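Enquirer: Need a 3D model of the following:
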Amino acid sequence: MASQSASPVFPQNNDSEIARDALVRLREFYNRHSDDEGPIDLAVEGGEHVTVPKGAVEMMMRVLAKMAAGEGVTIVPSHAELTTQQAANMLNVSRPHLIKLLQQGKIDFKMVGTHRRVRADSLRKYLRADDSKRRDAADELTALSQEMGLL
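Expert: Below is the predicted model of the structure:
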């Protein structure tokens with residue numbers, strides 16, 4: 001990837017169908033080889049093979065799943081430094097809300113001149129923590145509903 005921009009690629013025409021079919025076949029292949037250590041050997045057109053890291057196959061399955069669902073996909077290296085607008089877009093929040101999160105110390109950032117830059121790995125760390133809090137809250141609500149006999 002030559003650019004570190006956070007511009008999504010959206011499925012076009014019948015890309016979602018193609019992605020869905022590819023995902024099914026790739027998952028079947030991966031499941032048969034999931035216990036294998038090291039890289040995975042994939043067959044390509046003409047009977048040739050290409051060896052790829054196992055993590056790349058896992059990432060490809062995630063990309064295909066998003067495209068199959070009709071969603072845009074963005075791949076951002078962990079070390080990428082994002083503008084506040086790019087970071088806000090990735091969180092699906094407004095830029096002012098992101099700035100507030102930065103000022104509260106919930107997401108790490110650095111200043112480059114007068115501009116804030118957010119590392120992609122800091123953003124992912126925040127997302128994981130936020131998702132965990134949401135799951136915990138949902139579990140607590142479920143438990144309370146069961147105690148009250150509502151479920």
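
Enquirer: Show me what counts as buried in the longest helix anywhere in the chain.
Expert: Ranked by number of residues, the top helix in the chain under DSSP state H is helix 120-147. Going by neighbour count (16 or more other CB atoms under 10 Å), the buried part of helix 120-147 is Ala120, Ser122, Leu123, Tyr126. The way it works is simple: take the backbone N, C-alpha and C, and place the C-beta from them, glycine included.

Enquirer: Show me what that helix is packed against.
Expert: strand 81-82, helix 84-91 (3 or more CB pairs under 8 Å, 6 or more residues apart in numbering; DSSP states H and E).

Enquirer: Let's have the ones you listed in TSV, adding distance to Ala69.
Expert: Below are the helices and strands packed on helix 120-147 laid out as TSV (distance: least, CB to CB, whole Å):
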stretch	distance to Ala69
strand 81-82	24
helix 84-91	17
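
Enquirer: Ser16 is nearest to which of the ones you listed?
Expert: helix 84-91 (21.9 Å; CB to CB).

Enquirer: and the residue nearest to Lys110 when sequence neighbours are not counted, what element?
Expert: Spatial nearest neighbour of Lys110, chain neighbours left out: Arg117 (5.5 Å); criterion: CB to CB, 6 or more residues apart in numbering. Taking DSSP states H and E as the criterion, Arg117 maps to strand 115-119.

Enquirer: mind giving me the domain split of the chain?
Expert: Listed by automatic domain parsing, the domain ranges of the chain are 15-68, 81-147.
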